[in-house]
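Asks: need coordinates for the following:
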Amino acid sequence: MIKSVCVYCASSPNVEQFYIELAKKIGKLLAKNGIHCIYGAGSTGLMGGLANGVLSQNGEITGIIPRFMCEREWNHTGLPELIMVETMHERKELMLKKADAAIALPGGIGTFEELVEAITWRKLGLFNNPIYIVNSNDYYRPLIDMLNKAVVEKFMEEEDLNLWKVVDDEDELFDEIRKHTSTCRIIS
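Replies: Below you'll find the predicted structure:
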């Protein structure tokens with residue numbers, strides 16, 4: 001049963017509006033379906049869109065952020081719950097510990113690092129929940145190709161390709177969430 005999700009995504013305000021709108025739609029859908037959103041507490045880019053989408057529907061959202069980022073005022077000031085930690089490592093660990101699933105929306109190096117760490121934790125049995133890669137606009141194609149190449153070149157096992165699920169958009173994402181949340185009706 002998926003009651004909470006950890007969402008990784010970009011904080012850059014310079015990305016195409018399409019991506020921010022995608023994050024906002026996903027935030028709204030999480031809220032409408034009573035799924036608690038856990039994210040990096042940012043106020044701009046996809047992070048801001050995600051949070052604003054959840055908040056627009058009075059959904060549950062928790063931001064987790066290192067103290068130095070708050071000191072730079074990078075945090076969303078409208079969150080009902082903000083957890084401040086000391087390090088990035090603590091942030092990532094707590095985000096996954098609180099989540100029943102992880103979702104990677106488009107993002108930059110921080111998002112890539114968080115996603116690959118979540119996949120690694122799943123491989124090691126430290127995180128046993130679904131991981132979804134939202135490949136909207138074919139954004140993650142190069143990473144997916146690299147992961148497939150790692151299998152072909154024998155750096156990973158064929159079964160490792162089951163550690164994550166690639167979806168194209170919010171509708172496909174919520175179809176997958178529905179499969180793990182069979183007792184709930186997913187609202188579109």
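Asks: quick one: contacts for Arg122?
Replies: Going by C-beta atoms under 8 Å, 6 or more residues apart in numbering, Arg122 touches 128-129, 131, 163-164. C-betas here are computed from N, CA, C, even on glycine.
Asks: just to be sure, it is in a helix?
Replies: Yes. Counting by DSSP: H, G, I helix; E, B strand; the rest coil, Arg122 is found in a helix.
Asks: want to throw the contacts of Arg122 into CSV with distance to Ile144?
Replies: Listed next are those as CSV, based on distance: C-beta to C-beta, whole Å:
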residue, distance to Ile144
Asn128, 22
Asn129, 20
Ile131, 13
Leu163, 12
Trp164, 9
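Asks: pick out the most distant pair among these.
Replies: Asn128 and Trp164 (13.0 Å; C-beta to C-beta).
Asks: when these two are compared, which one has more neighbours?
Replies: Trp164 (20 against 7; other C-beta atoms under 10 Å).
Asks: nearest residue to that one other than its sequence neighbours?
Replies: Take Trp164 and drop its neighbours on the chain: the residue closest to it by C-beta to C-beta, 6 or more residues apart in numbering is Ile131, 4.3 Å away.
Asks: the one you found - how many residues pack around it?
Replies: Ile131, neighbours per other C-beta under 10 Å, totals 22.
Asks: mind listing residues that contact stretch 156-176?
Replies: With C-beta under 8 Å, 6+ apart, stretch 156-176 has contacts from 22, 25-26, 29, 33, 103, 119, 122-123, 130-136, 140, 144, 147-148, 150-151, 186, 188.
Asks: which stretches of the chain form helices?
Replies: With helices called from DSSP state H, the chain shows them at 17-32, 45-56, 67-71, 88-97, 109-124, 141-152, 170-180.
Asks: tell me the most buried of those?
Replies: helix 45-56 (a mean of 24; mean count of other C-beta atoms under 10 Å).
Asks: give me the angle between that helix and helix 109-124.
Replies: Angle, helix 45-56 to helix 109-124, by axes from the mean of the first three to the mean of the last three C-alpha atoms, to 10 degrees: 80 degrees.
Asks: list the helices and strands helix 45-56 packs on?
Replies: helix 17-32, strand 36-39, strand 61-66 (3 or more C-beta pairs under 8 Å, 6 or more residues apart in numbering; DSSP states H and E).
Asks: now the ones you listed in CSV, please, with extra columns for distance to Met84 and mean pLDDT.
Replies: Converted to CSV, the helices and strands packed on helix 45-56 look like this (distance: least, C-beta to C-beta, whole Å; pLDDT from 0 to 100):
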stretch, distance to Met84, mean pLDDT
helix 17-32, 22, 98
strand 36-39, 14, 98
strand 61-66, 6, 98
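Asks: can I get the ones you listed in JSON lines with distance to Glu157?
Replies: Converted to JSON lines, the helices and strands packed on helix 45-56 look like this (distance: least, C-beta to C-beta, whole Å):
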{"stretch": "helix 17-32", "distance to Glu157": "31"}
{"stretch": "strand 36-39", "distance to Glu157": "29"}
{"stretch": "strand 61-66", "distance to Glu157": "32"}
